[in-house]
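Novice: with the input below, show me the fold.
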Amino acid sequence: MIAGFVFLLLGVSVGEPTAASLGIAAIITAIASLSVASTSIQVVLWGVLAIALTVVLRGMVPLPSHDEQTDTEAVVSEAIPKGGVGWVAYEGSLWKARCQISDIEIARSQTVQVVGRHGLTLIVLPIDFPNEYDTVR
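Specialist: Okay, here's the model as predicted:
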């Protein structure tokens, strides 16, 4: 019973549903042990409850959304030529990058916006477009 409360407290304080499910299963098993004398049945009961509660509680934890990107800006480390590939610093790593508009060259140290990814190559757009793209054609 004490171990159950310890695991339950640990699971709640850390936010890990697996530890909480072990605690809940231990508490239920401790209560059931008042009427079930066999230790092997108690261990099986605890195991089944722990697995079932882990599955149930894990399903209740929201997963991080893939739509939410924390950082959508990168800095060009090696110039991106027209229609070519350069390098950008993005989220602490260097990535190959290609401009989404193939006839724009992006200079070194320019800030770009990451709009997508194709394999291991980021697709970027300059934040400040060159003067020739300021007007609508």
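Novice: quickly list the domain ranges of this protein.
Specialist: Domain assignment for the chain by automatic domain parsing gives 2-60, 73-133.
Novice: reformat those as JSON lines; add mean neighbour count and mean pLDDT.
Specialist: Every residue, glycine included, has its C-beta placed from N, CA and C. Shown next, in JSON lines, are those (neighbours: other C-beta atoms under 10 Å; pLDDT from 0 to 100):
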{"stretch": "domain 2-60", "mean neighbour count": "15", "mean pLDDT": "86"}
{"stretch": "domain 73-133", "mean neighbour count": "15", "mean pLDDT": "89"}
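Novice: helix or strand for the closest residue to residue 54 other than its chain neighbours, which one?
Specialist: In this structure, residue 54 finds its nearest non-sequential neighbour in residue 21, 4.3 Å apart by C-beta to C-beta, 6 or more residues apart in numbering. Counting by DSSP states H and E, the element that carries residue 21 is helix 17-32.
Novice: so what touches that helix?
Specialist: Outside helix 17-32, the residues that touch it by C-beta atoms under 8 Å, 6 or more residues apart in numbering are 1, 3-12, 42, 45-47, 49-50, 53-54, 56-58, 60-61.
Novice: let's go with 10 Å and repeat that
Specialist: Contact with helix 17-32 is made by 1-14, 16, 36, 41-61, as judged by C-beta atoms under 10 Å, 6 or more residues apart in numbering.
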